[in-house]
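K.L.:
okay, sequence plus prediction incoming.
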Amino acid sequence: MDKEPFFKQVIGENKDRIYRICCAYERDPDERQDLYQEIIINIWKNLGKFEGRSMISTWIYRIAVNTSLMHIKKESRRNRDKTELNENIISNTAENTTETEEKIETGKNIEKLYSSINELPSMDRVIISMVLEELSYKEIAEVTGLTVNNIGVRINRIKKELSRLMEEKKYGI
């Protein structure tokens, strides 16, 4: 198999998913881009090790999540204050665009969602990012090593916690 065309195909099919995982782990746009590049490099380096025992998308999730966790560990050592949300991103975007108010509100809600996801424990971030990608419970169980039943329970708990966090952000608690 020729590695380069296969790599281009795999990245083309999964780039949006990879980016959404980056959004769940990294708030800063520059750091998010760095994380995205790290994941792409790790996929390239390990593509020859893909054995086909699982779907390629599941394998990519594992690489993306592991790379994201290592990135967060590395970043937290360098900068313990990294978890503050930069509200300027939202306000600058709103000032510099002619989007409708509805699109702006949607963007704010998405930013709040990713901010809330960022506050979850790492395994919960992994699980909810896969839920957002509409993976089945079975696929999520494969990636995480948990049982399908445990995945269902955890997803319900994560959704409740995200609702609570979003509500806090809504009222500025």
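P.N.:
Thanks, I have the structure now. Numbering: from 1, shown residues only.
K.L.:
and residue 54, what is it in contact with?
P.N.:
residue 142 (Cβ atoms under 8 Å, 6 or more residues apart in numbering). (Glycine included, C-beta is placed from N, CA and C.)
K.L.:
Three-state assignment for it, please.
P.N.:
Three-state assignment for residue 54 (DSSP: H, G, I helix; E, B strand; the rest coil): coil.
K.L.:
swap in residue 27?
P.N.:
Judged by three-state DSSP, the three-state class of residue 27 is coil.
K.L.:
helices of the protein, start to end?
P.N.:
Taking DSSP state H as the criterion, the chain carries its helices at 3-25, 29-46, 56-78, 88-95, 101-118, 122-132, 137-144, 148-171.
K.L.:
make JSON lines out of those and add mean neighbour count and mean pLDDT.
P.N.:
Converted to JSON lines, the helices of the chain look like this (neighbours: other Cβ atoms under 10 Å; pLDDT from 0 to 100):
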{"stretch": "helix 3-25", "mean neighbour count": "16", "mean pLDDT": "88"}
{"stretch": "helix 29-46", "mean neighbour count": "16", "mean pLDDT": "92"}
{"stretch": "helix 56-78", "mean neighbour count": "17", "mean pLDDT": "81"}
{"stretch": "helix 88-95", "mean neighbour count": "12", "mean pLDDT": "47"}
{"stretch": "helix 101-118", "mean neighbour count": "15", "mean pLDDT": "70"}
{"stretch": "helix 122-132", "mean neighbour count": "20", "mean pLDDT": "85"}
{"stretch": "helix 137-144", "mean neighbour count": "19", "mean pLDDT": "86"}
{"stretch": "helix 148-171", "mean neighbour count": "14", "mean pLDDT": "88"}
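K.L.:
surely residue 14 touches residue 60?
P.N.:
Yes - using Cβ atoms under 8 Å, residue 14 is in contact with residue 60, at 5.1 Å.
K.L.:
for residue 46, which non-adjacent residue is spatially closest?
P.N.:
Closest residue to residue 46 apart from its sequence neighbours, by Cβ to Cβ, 6 or more residues apart in numbering: residue 63 at 6.3 Å.
K.L.:
how near is that neighbour to residue 2?
P.N.:
20 Å (Cβ to Cβ, to the nearest Å).
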